[in-house]
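A.B. asks: Okay, predicted coordinates and the sequence, questions at the end:
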Amino acid sequence: MNVHAKTDPQALVAEAVAAAIRSGAEEAVHVVAYHRGRKVIDIWDGLADPASGRRATADTLYNVYSVSKAVTVTALHIQAEKGLVEYDAPIATYWPEFAANGKGAATVRHAITHRTGLPAMPEGITPEQMCDWEFMVDALARMAPLAPPGERALYQSMTFGWLVGEIVRRSDPQRRDFRQFVLDELCAPLGLKDLWLGIPAEAAPRVAKYSDRNENDPEPPADSLYMRSMPHAVALKPRVFDRPDVQRACIAAVGGIFNARDEARFWAMLAEGGELDGVRLLSKERVASFSTFRENNDEPDGVMFDFPLPISAGGYWLGGDRVSSPRAIWHPGRGGSIGWADPDNRLAVAVCHNRLFDTRNATSIRSCRSARS
């Protein structure tokens, strides 16, 4: 590497990505960063489909799994910005059927901070049922909570999308389906053409093929909350999420298929206080509130993680040593995807890739604990 490359961020990131691919740790990676509202890094490399030799390009799409939650909760904040949703109102204010089986006190804030007591998917769930929005919201409305709403954090691994998305749909005067709402109210204003919660058929050839380093690891017991939240039949694995029907469905917590450029632009809007290129979606005050904790959250998550969830008042993850500032809002995705918005440094980053690995390790635990210090 020459002297200039040692100080050039674009060259440094390019070399880091290439080294990760050479080592076998990654297959294809796309990293995009914005600083002060301008794109400053845009690096892609590797094989989007190792079996065929198809190389990654600037337009490759990637499954980002739970990074999708950041887009979904931002859609709800857009409704709050319009005065159509109140965070501390009962969910049943907008979705009356949700009050069934002791959930009448569950609030919108509980939904976005994983405190509804509904981390589990419906018993016997199939991929076909998961793709049916009406089936899922009806099942969740009828379900009894596993803990009284508001009592504790239970990570809504997959259910988050239908819980939050249905509040948005019910509060929308046009009653658009959630996928269309995101396209109209978030993607169109920001010029995002490849931030999908359900891809169109013509986009399928651009989706990267996934490999899973942990595919053959033993699963937790079937009756564990972990497995009830992500049952084997609908697990976040290529055998499920490479299915055409799953890729085309709006699975708003974990089904996002994004291009890194558009994902980074989404985070840049948040890093810039709710406005990008003259388009304002959220007020500065609202976005600033996302970088605070709503409540103490001292108890470990009882579903997936053995540490307290670092969930901010806005429903994003907050701070830690995997991002660039204690006040950065971010979201990890299954297998190592990540994106964040750092309001202090006005920095936004998206990292998309197609080799999945288990990130629930000591580094993740340190990251989340440090967010609270």
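C.D. replies: Here it is on my side, so go on. Numbering: from 1, shown residues only.

A.B. asks: From now on I want contacts and neighbour counts done on CA atoms only, so please keep to that.
C.D. replies: Fine.

A.B. asks: and residue 256, what pLDDT?
C.D. replies: Predicted confidence (pLDDT) for residue 256: 98.

A.B. asks: what separates it from residue 334, distance-wise?
C.D. replies: To residue 334, residue 256 is 11 Å away according to Cα to Cα, to the nearest Å.

A.B. asks: Comparing those two, which residue is more hemmed in?
C.D. replies: Neighbours per residue (other Cα atoms under 10 Å) separate residue 256 from residue 334, with residue 256 holding more: 29 against 20.

A.B. asks: tell me the SS of residue 58?
C.D. replies: coil (DSSP: H, G, I helix; E, B strand; the rest coil).

A.B. asks: shaky segments in the stretch 201-350 of the chain?
C.D. replies: 294-298 (pLDDT under 70).

A.B. asks: for the host helix or strand of residue 134, packing partners?
C.D. replies: Secondary structure from DSSP states H and E places residue 134 in helix 133-142. Counting contacts by 3 or more Cα pairs under 8 Å, 6 or more residues apart in numbering; DSSP states H and E, helix 133-142 is packed against helix 127-130, helix 160-171.

A.B. asks: Specify the stretch among those that is closest to residue 67.
C.D. replies: helix 160-171 (11.3 Å; Cα to Cα).

A.B. asks: Need the residues that contact the helix or strand that comes right after the closest one.
C.D. replies: Using DSSP H and E, the helix or strand that follows helix 160-171 in sequence is helix 178-182. Helix 178-182 is contacted from outside by 72, 75, 165-166, 168-169, 196-198, 250, using Cα atoms under 8 Å, 6 or more residues apart in numbering.

A.B. asks: what's the residue closest to the geometric middle of the chain?
C.D. replies: residue 67 (2.1 Å; Cα atoms, centre = their mean).

A.B. asks: on that earlier part again, right, and the helices and strands packed on helix 133-142 - which one's nearest residue 220?
C.D. replies: helix 127-130 (20.0 Å).

A.B. asks: can you list the residues that contact the closest one?
C.D. replies: So helix 127-130 is contacted by 135-136, 233-234, 240, 245-246, 251 (Cα under 8 Å, 6+ apart).

A.B. asks: Kindly give a single ChimeraX line that selects the buried subset of those.
C.D. replies: Selection of buried members from the contacts of helix 127-130 for ChimeraX, criterion 16 or more other Cα atoms under 10 Å:
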select :136,234,240,245,246,251
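
A.B. asks: Among the contacts of helix 127-130, list the two that are farthest apart in space.
C.D. replies: 135 and 240 (18.4 Å).

A.B. asks: if we can go back for a sec, just the contacts of helix 178-182 now: which is nearest residue 300?
C.D. replies: Once Cα to Cα is applied, the member of the contacts of helix 178-182 that ends up nearest residue 300 is residue 72, at 23.9 Å.

A.B. asks: Isn't that closest one up against residue 255?
C.D. replies: No: with contacts counted by Cα atoms under 8 Å, residue 72 stays clear of residue 255, the gap being 10.7 Å.

A.B. asks: what is in contact with these two at once?
C.D. replies: What both residue 72 and residue 255 touch, as defined by Cα under 8 Å, 6+ apart, is an empty set.

A.B. asks: Let's have the helices and strands packed on helix 133-142 in TSV, adding mean neighbour count and mean pLDDT.
C.D. replies: Formatted as TSV, these follow (neighbours: other Cα atoms under 10 Å; pLDDT from 0 to 100):
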stretch	mean neighbour count	mean pLDDT
helix 127-130	16	98
helix 160-171	24	99
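
A.B. asks: among those helices, which is nearest residue 286?
C.D. replies: That would be, of the helices and strands packed on helix 133-142 and by Cα to Cα, helix 160-171, which comes in at 17.3 Å.

A.B. asks: Give me the residues contacting the closest one.
C.D. replies: So helix 160-171 is contacted by 69, 72-73, 75-76, 79, 84-85, 91, 94-95, 108, 111-112, 114, 119, 133, 136-137, 140, 175-178, 181, 251-254 (Cα under 8 Å, 6+ apart).

A.B. asks: I'd like the distance from it to the chain centre, please.
C.D. replies: 15 Å (Cα atoms, centre = their mean, to the nearest Å).

A.B. asks: And for stretch 280-290?
C.D. replies: 19 Å.

A.B. asks: Kindly report the same for stretch 214-225.
C.D. replies: Worked out by Cα atoms, centre = their mean, stretch 214-225 lies 22 Å from the chain centre.

A.B. asks: May I have that stretch exported as PDB, CA atoms only?
C.D. replies: Taking C-alpha atoms only, stretch 214-225 is exported to PDB below (Å, rounded to 0.1, in the frame of the first residue of the first chain):
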ATOM      1  CA  ASN A 214     -23.300 -21.800  11.800                       C
ATOM      2  CA  GLU A 215     -25.700 -23.700   9.700                       C
ATOM      3  CA  ASN A 216     -24.900 -27.100  11.300                       C
ATOM      4  CA  ASP A 217     -24.700 -25.800  14.900                       C
ATOM      5  CA  PRO A 218     -27.100 -27.600  17.300                       C
ATOM      6  CA  GLU A 219     -30.300 -25.700  17.900                       C
ATOM      7  CA  PRO A 220     -31.500 -24.700  21.400                       C
ATOM      8  CA  PRO A 221     -34.300 -26.800  22.900                       C
ATOM      9  CA  ALA A 222     -37.600 -26.400  20.900                       C
ATOM     10  CA  ASP A 223     -39.400 -25.100  24.000                       C
ATOM     11  CA  SER A 224     -36.900 -22.400  24.700                       C
ATOM     12  CA  LEU A 225     -37.900 -18.800  24.200                       C
END
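
A.B. asks: All set, thanks.
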